[in-house]
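Visitor: how would this look folded up:
(one chain, ligands or ions: 1)
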Amino acid sequence: PNPAYDPNNVFARILRGEIPCHKVYENDAALAFHDITSAAPVHVLVIPRGAYTDFHDFTRRATPEEIAKFWQAVDHVVQQENLLPAGFRLITNTGPDSGQEVPHFHVHLLGGEKLGPLLS
Ligand code: 5GP
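Guide: Down below sits the predicted model:
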């Protein structure tokens, strides 16, 4: 187990079913659900079921199978939400400089409209 991981973070609680979420897709290794505050017409969060604090922790510690199933879940939601060919954006905030709020690795999938410039 990762001593840096807080098992009471909000996404850990969603994974345990202690907090409800609007589920979009799930597989063995990942869960996708609507962000509670949507920043775009499609704003889905994809999280691994395992206890990883951020992208770096996930990439270093998850198994190749977990990593593959995680990105397959992201791709599944892209198809399910009909985000191609129009396009979409993936964001993963990592650490204090990024403003990461929830210390469980997650990818934001944003789309459904022409998104504004990332850097402005
Ligand atoms: P971060 O800044 O860590 O990348 O983003 C965390 C995201 O989680 C935010 O966009 C926030 O709206 C979302 N969020 C926080 N609490 C909850 C919750 O209880 N349920 C859902 N569905 N999203 C949440």
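Visitor: C-alpha from now on. contacts and neighbour counts both.
Guide: Fine.
Visitor: so what's residue 94 up against?
Guide: Counting by Cα atoms under 8 Å, 6 or more residues apart in numbering, residue 94 makes contact with 54-56, 100.
Visitor: host element of it?
Guide: Using DSSP states H and E, residue 94 sits within no helix or strand.
Visitor: which one is residue 19 nearest to, not counting chain neighbours?
Guide: Distance criterion Cα to Cα, 6 or more residues apart in numbering; nearest residue to residue 19, sequence neighbours excluded, is residue 13 at 5.8 Å.
Visitor: give me the phi and psi angles of that neighbour.
Guide: Backbone geometry at residue 13, expressed as degrees, to the nearest 10, gives phi -70, psi -40.
Visitor: filter the contacts of residue 94 down to the ones near the ligand?
Guide: Counting by Cα under 6 Å from any ligand atom, residue 100 from the contacts of residue 94 sit close to the ligand.
Visitor: keep only those of the contacts of residue 94 that are in helices.
Guide: Among those, the members falling in helices (DSSP state H) are 55-56.
Visitor: now the contacts of residue 94: which count as buried?
Guide: Taking 16 or more other Cα atoms under 10 Å as the criterion, what is buried in the contacts of residue 94 is 54-55.
Visitor: now the contacts of residue 94 in CSV, with pLDDT and distance to residue 17?
Guide: Below are the contacts of residue 94 laid out as CSV (pLDDT from 0 to 100; distance: Cα to Cα, whole Å):
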residue, pLDDT, distance to residue 17
54, 98, 21
55, 98, 23
56, 97, 26
100, 98, 22
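Visitor: now, which of the contacts of residue 94 sits nearest the ligand?
Guide: If you rank those by distance to the ligand using Cα to the nearest ligand atom, residue 100 comes first, at 3.7 Å.
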